[in-house]
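A.B. asks: Pasting the sequence and the predicted model now:
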Amino acid sequence: MEPINFHGNYLVMELTNNCNCNCSHCIRDKGIKYLEKKGNIEKRIVINLIDDLVNNAIKFYDFNMFWLGEPLMHPDFLEIYSYVLNANKKNKLFGSVNIHTNAHFLSQEIINLLNEFHDVPQTWHLTIDATSPITYQKISGTHGFEKVVENCKQLLSQKEGKFPRIVFQFIVEEENYYEAEPFINFWSKEFEKYKLSFSKVGYFVPGYVDNFIFLRQCDAVTGGEERQKKLNTLYKNTLLENGIQDHNYEGKEAVFIPEGYVHIPYKKRKKLGEVDFSKNSICSGFWKTPTISWTGEVTVCQRDSGMELKAGDLKKEKFSEIWWESKQMKKNRNAMIEQDLEKIPICNGCLIPKSSNYSSISENELEYYFLKNEEH
């Protein structure tokens, strides 16, 4: 079927699952067999993916070049990232190209590359989660707090243009919530020192050209629903204590959104007649969040770290064929719509729809998917 560019969609590509940290909130070292093998994505897979998106006019709000590893550890990071930025500058594939990094490997060469492409929409999330070496070690499982802070200061001091947006991220959990306020204060002063505009936010990073200090919710990888409830409460209290509420961004410049997104016409169909949308029962990941591991395998979301819902392999097929044409992807989507969780057991009990980070798919969007699928 013809690709659909849904509003709010994003593409995830894992450059590597190697990481120098062992963070308490990360699932990568929690005994999942699929994750025992470590490696880096082949450069040709990235290049072929980008070319496929160009040739099929496939657009995404965001391209997140990160999953379970530290992307800056990829030996060809500079070459890969430069190719992606060049392609986006010419073809406007992504609203923003995003990197999540622990900043241990944030080198002068990388800073120079960012300044070279300061006119291409990018967002760099610098995850630090602490304001003291002791807390940093508890959260990250490693040393190097002072080096990370210095690397981030260098990036701020040398920032030459609008992009990348800089986001200092603090994931709120039991071991660090009491450092949220000093975290905000410290990085506020650094932004102010270099006359960089910024806002402090929670829940999500708004799509505006600004820098942010972001208190992010922790999605429980252990402890089940009971721990997630406690984390939700802790998170909301931490936001309240730090004066973080909904912000008015009137007058702010929005990050570029690619052209080519569909207007979803409304047409009621019997196939959705018994679906209860009030319970967020239909997961948007099966349509909006394709996720690619360093091996080139494609699944539906970052929660599927064991590739249980693998739909294809970019070493053998094109992304456009896997995501919109493959029989396995259609089976996965049908199982989600029909709530046949025996066919997609990883989704049974998933906590993401109960997280503050969750974004849904509308009834109209699903109707449009059925319409285009039938036309095909």
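C.D. replies: Looks like it arrived, so ask away. Numbering: from 1, shown residues only.
A.B. asks: Check Asp371 and give its pLDDT.
C.D. replies: Actually, residue 371 is Leu. It isn't Asp. Looking at Leu371, its pLDDT stands at 80.
A.B. asks: Is it correct that it falls within a helix?
C.D. replies: Yes: under DSSP: H, G, I helix; E, B strand; the rest coil, Leu371 sits within a helix.
A.B. asks: Any regions of the stretch 1-150 of the chain where pLDDT drops low?
C.D. replies: 1, 28-31 (pLDDT under 70).
A.B. asks: show me where it has strands.
C.D. replies: Secondary structure of the stretch 1-150 of the chain by DSSP state E, counting those that start in this stretch: the strands cover 10-13, 60-64, 94-101, 122-127.
A.B. asks: can I get those in JSON lines with mean neighbour count and distance to Cys301?
C.D. replies: For the C-beta atoms, the positions are set from N, CA and C on the backbone; glycine is no exception. Output for those, formatted as JSON lines (neighbours: other C-beta atoms under 10 Å; distance: least, C-beta to C-beta, whole Å):
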{"stretch": "strand 10-13", "mean neighbour count": "22", "distance to Cys301": "8"}
{"stretch": "strand 60-64", "mean neighbour count": "22", "distance to Cys301": "12"}
{"stretch": "strand 94-101", "mean neighbour count": "23", "distance to Cys301": "16"}
{"stretch": "strand 122-127", "mean neighbour count": "23", "distance to Cys301": "18"}
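A.B. asks: among these, which is nearest Asn334?
C.D. replies: Closest to Asn334 of the strands of the stretch 1-150 of the chain is strand 10-13 (C-beta to C-beta; 22.4 Å).
A.B. asks: which strands and helices sit next to the closest one?
C.D. replies: For strand 10-13, the helices and strands in contact under the criterion 3 or more C-beta pairs under 8 Å, 6 or more residues apart in numbering; DSSP states H and E are strand 60-64, strand 291-292.
A.B. asks: Out of the strands of the stretch 1-150 of the chain, which is closest to Asn22?
C.D. replies: When the strands of the stretch 1-150 of the chain are ranked by proximity to Asn22 (C-beta to C-beta), strand 122-127 comes first, at 13.6 Å.
A.B. asks: Tell me which other helices or strands that closest one touches.
C.D. replies: strand 94-101, helix 145-158, strand 165-172.
A.B. asks: and of the ones you listed, who's closest to Glu259?
C.D. replies: Judging the helices and strands packed on strand 122-127 by C-beta to C-beta, what sits closest to Glu259 is strand 94-101, at 10.6 Å.
A.B. asks: For that closest one, C-alpha coordinates in PDB please.
C.D. replies: C-alpha atoms of strand 94-101 as PDB (Å, rounded to 0.1, in the frame of the first residue of the first chain):
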ATOM      1  CA  PHE A  94      12.400  15.000   9.100                       C
ATOM      2  CA  GLY A  95      11.100  17.800  11.300                       C
ATOM      3  CA  SER A  96      14.200  17.200  13.400                       C
ATOM      4  CA  VAL A  97      17.100  14.800  13.600                       C
ATOM      5  CA  ASN A  98      17.700  13.800  17.200                       C
ATOM      6  CA  ILE A  99      20.500  12.400  19.300                       C
ATOM      7  CA  HIS A 100      20.200  11.200  22.800                       C
ATOM      8  CA  THR A 101      23.700  11.000  24.400                       C
END
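A.B. asks: any idea how far Glu192 lies from Arg333?
C.D. replies: 48 Å (C-beta to C-beta, to the nearest Å).
A.B. asks: Which one of the two is surrounded by more residues?
C.D. replies: Neighbour totals were compared for Glu192 and Arg333, and Arg333 leads with 20 against 11 (other C-beta atoms under 10 Å).
A.B. asks: Check whether that one sits in a helix, strand or coil.
C.D. replies: helix.
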